[in-house]
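Chemist: Predicted coordinates and the sequence they were generated for:
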Amino acid sequence: MSRPDRFEIEAAGQLGHVFVSKVQSGPLPARPAVVLIHGIGVSHRYLRRLHGLLAETGDTYSIDLPGFGGTPRPRRALSVADHATYILGALEQLGVLESVIVGHSMGSQFALEAALQQPGRISQLVMMGPVVDSKRRSVLQQALALGRDSLLFESPSSNALVFTDYLRCGPTWYLKNLRVMMDYRTEERISGVAVPVLVMRGANDPVASADWCRRLAGRAARALLLEIEGAGHVVQHNRAADVAEAILDFAGTHATAREASRENPA
């Protein structure tokens, strides 16, 4: 795959980067665009493997949100809703009016909120390693789970990507956004999502536990739960092929069902 094109886009008064891989249109309709959203403190870099695999079959977009990666830092920490507004605005500028949106960790909150803000533009929602477990809603509990994950279940390359991005983010900005993440009630907000949801976790992930993900999926109107064996929290990097296959299967199944319902209305 060739290197994605990088676009610097201002939307909702904020500046971010969007990395775009577009495929040549062929005789068959292209699959819906897939949009990848990173979590707290990090950037598109730990989504690169997944981006590359998805880009083999369709248009794929990875976003560095305002204040993360190499983007300018806003004057204040943005809310989850602010980030969702930026995502939708940036995609609109790129002509992406319908997509499968995929968020990892705190990115799952941003993706969820985007699906709530403009449900007509999100065909499916994928939440990888979603946060924050409603039974472990303290910073200490989350920090211990993340430390356990990095020590026991992550590869050297995933740890290197995450920790170097954390350094670039800096402790002050990280902590400001941590409060935003901790205050967002994912388990309450997901009940308002109308589109199909895939909740995905690495089977060894101590951050997004099996119990939490089951409870979260149970709150959605239409949801599937999938575990990827042999992976921790950064499942999209260490099991990129499995995650890409799961996303494409999920999106394809529901796209087929959606087309069938249009052709055969009740």
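Modeler: Great, that's in hand. Numbering: from 1, shown residues only.
Chemist: the helices in the stretch 151-266 of the chain, which residues?
Modeler: Ranges of helices within the stretch 151-266 of the chain are 156-169, 171-183, 186-189, 210-219, 235-238, 240-263, based on DSSP state H, counting those that start in this stretch.
Chemist: Also the stretch 1-150 of the chain?
Modeler: 48-54, 80-93, 106-117, 139-152.
Chemist: Count the neighbours of residue 76 for me.
Modeler: Neighbour count for residue 76, taken as other CB atoms under 10 Å: 9. Any C-beta I mention is one placed from the backbone N, CA and C, and that applies to glycine too.
Chemist: List the residues that contact it.
Modeler: Going by CB atoms under 8 Å, 6 or more residues apart in numbering, residue 76 touches residue 176.
Chemist: Let me know the pLDDT of it.
Modeler: Note on residue 76: pLDDT of 94.
Chemist: With mean neighbour count, mean pLDDT and distance to residue 159 added, can I get the helices of the stretch 1-150 of the chain in TSV?
Modeler: Conversion of the helices of the stretch 1-150 of the chain to TSV gives the following (neighbours: other CB atoms under 10 Å; pLDDT from 0 to 100; distance: least, CB to CB, whole Å):
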stretch	mean neighbour count	mean pLDDT	distance to residue 159
helix 48-54	22	97	15
helix 80-93	22	98	25
helix 106-117	26	98	18
helix 139-152	14	96	5
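Chemist: want to throw those helices into TSV with distance to residue 214?
Modeler: As requested, these are exported to TSV (distance: least, CB to CB, whole Å):
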stretch	distance to residue 214
helix 48-54	24
helix 80-93	23
helix 106-117	15
helix 139-152	17
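Chemist: Select, out of those, the one closest to residue 193.
Modeler: Comparing the helices of the stretch 1-150 of the chain against residue 193 with CB to CB, the closest turns out to be helix 106-117 (5.2 Å).
Chemist: Distance from the chain centre to that closest one, please.
Modeler: When distances are taken as CA atoms, centre = their mean, to the nearest Å, helix 106-117 is centred 8 Å away from the chain's centroid.
Chemist: Could you do stretch 187-202 as well?
Modeler: From the chain centre to the centre of stretch 187-202 is a distance of 12 Å (CA atoms, centre = their mean).
Chemist: Pull out the CA atoms of that stretch and give them to me as CSV.
Modeler: This file holds the C-alpha atoms of stretch 187-202, laid out as CSV (Å, rounded to 0.1, in the frame of the first residue of the first chain):
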residue,chain,number,x,y,z
GLU,A,187,-22.9,2.7,29.0
GLU,A,188,-25.7,5.3,29.0
ARG,A,189,-24.9,7.0,25.7
ILE,A,190,-24.8,3.7,23.7
SER,A,191,-28.5,3.0,24.4
GLY,A,192,-29.3,5.9,22.0
VAL,A,193,-27.4,4.5,19.0
ALA,A,194,-29.7,3.2,16.2
VAL,A,195,-27.0,1.7,13.9
PRO,A,196,-25.5,-1.8,14.4
VAL,A,197,-22.6,-1.9,16.8
LEU,A,198,-19.7,-4.2,17.1
VAL,A,199,-18.0,-4.3,20.5
MET,A,200,-14.6,-5.8,20.1
ARG,A,201,-11.9,-6.6,22.6
GLY,A,202,-8.6,-8.5,22.9
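Chemist: buried stuff in that stretch?
Modeler: Neighbour counts over stretch 187-202 (16 or more other CB atoms under 10 Å) mark 187, 189, 190, 193, 195, 196, 197, 198, 199, 200, 201, 202 as buried.
Chemist: contacting residues around the second one?
Modeler: Looking back up the chat, that one is residue 189. Listed by CB under 8 Å, 6+ apart, the contact set of residue 189 reads 109, 112, 113, 116.
Chemist: So for the third one, what's the nearest residue that isn't a sequence neighbour?
Modeler: In space, not counting the residues next to it along the chain, residue 113 is nearest to residue 84; the distance is 3.7 Å by CB to CB, 6 or more residues apart in numbering.
Chemist: Just to check, that neighbour is in contact with residue 114?
Modeler: Yes. Between residue 84 and residue 114 a contact is recorded at 4.1 Å, counting by CB atoms under 8 Å.
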